[in-house]
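Peer 1: This is a predicted model, with the sequence first.
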Amino acid sequence: MKKIICLTIVFLLLNTTTTGALSWAYFFVVHDGKVYEVKEEIVLKHTELENMIGKVETQADEYSGDYYGNASNYYESGTRYFKIEGIQVNEAIAVETEDDHYVKAVYVHDAPSMNRNIFKSRNFWVVIGISIVVLVGTLC
């Protein structure tokens, strides 16, 4: 009876569900820990921009929603960010969507810190699951 219970617990822990891709509410970019919603309808001229301040370095995970560093859920790695003349970076930035085509991205909120993302990490839950299996195995 103990073996059946142990095998059932192990099976339940190892059984995973599949998930579909997320549907994002809006396109965003992350710069220096701040999330900006891209407003594609607000087009900027090159003369309204100051210096380049960063670029997309990673893509947001379309299945888990996780992202880190300078990331985007839509724009490719290498997409550049610029400071907008007369506007603080903590309010809005410009995103170069094509050569010489810039759109405004407005600050929405701070990006989640890496400490909060650990609970969303698949690796974290795999380690916890293996630990539980080992613990149950020693008790059975």
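Peer 2: Good, I have the coordinates.

Peer 1: For the biggest helix by length in the chain, buried residues please.
Peer 2: Using DSSP state H to define each element, the chain has its longest helix at helix 122-139. Across helix 122-139, burial judged by 16 or more other CB atoms under 10 Å covers no residue at all. To be clear about C-beta, it is placed using only N, CA and C from the backbone, and glycine gets the same treatment.

Peer 1: For it, name the packing helices and strands.
Peer 2: helix 2-14 (3 or more CB pairs under 8 Å, 6 or more residues apart in numbering; DSSP states H and E).

Peer 1: Remind me which helix or strand residue 30 belongs to.
Peer 2: Assigned by DSSP states H and E, residue 30 falls within strand 28-31.

Peer 1: Tell me the first helix or strand C-terminal of that strand.
Peer 2: strand 34-44.

Peer 1: what's next to that following strand, contact-wise?
Peer 2: Strand 34-44 has contacts (CB atoms under 8 Å, 6 or more residues apart in numbering) with 26-30, 74-75, 84, 90, 92-95, 97, 101-111.

Peer 1: for this structure, which spans come out with low pLDDT?
Peer 2: 1-24, 62-65, 113-122, 140 (pLDDT under 70).

Peer 1: hang on, the earlier thing: just the buried residues out of the contacts of strand 34-44, in PyMOL syntax.
Peer 2: To isolate the buried ones among those in PyMOL, judged by 16+ other CB under 10 Å, type:
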select buried, resi 27+28+29+30+74+75+84+92+93+94+95+97+102+103+104+105+107+111
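
Peer 1: Just the contacts of strand 34-44: which are in strands?
Peer 2: Members of the contacts of strand 34-44 lying in strands (criterion: DSSP state E): 28-30, 84, 92-95, 97, 101-110.

Peer 1: Which of the three states applies to the residue most central in space within the chain?
Peer 2: Nearest to the geometric centre of the chain sits residue 67, at 2.1 Å (CA atoms, centre = their mean). Three-state call for residue 67 (DSSP: H, G, I helix; E, B strand; the rest coil): coil.
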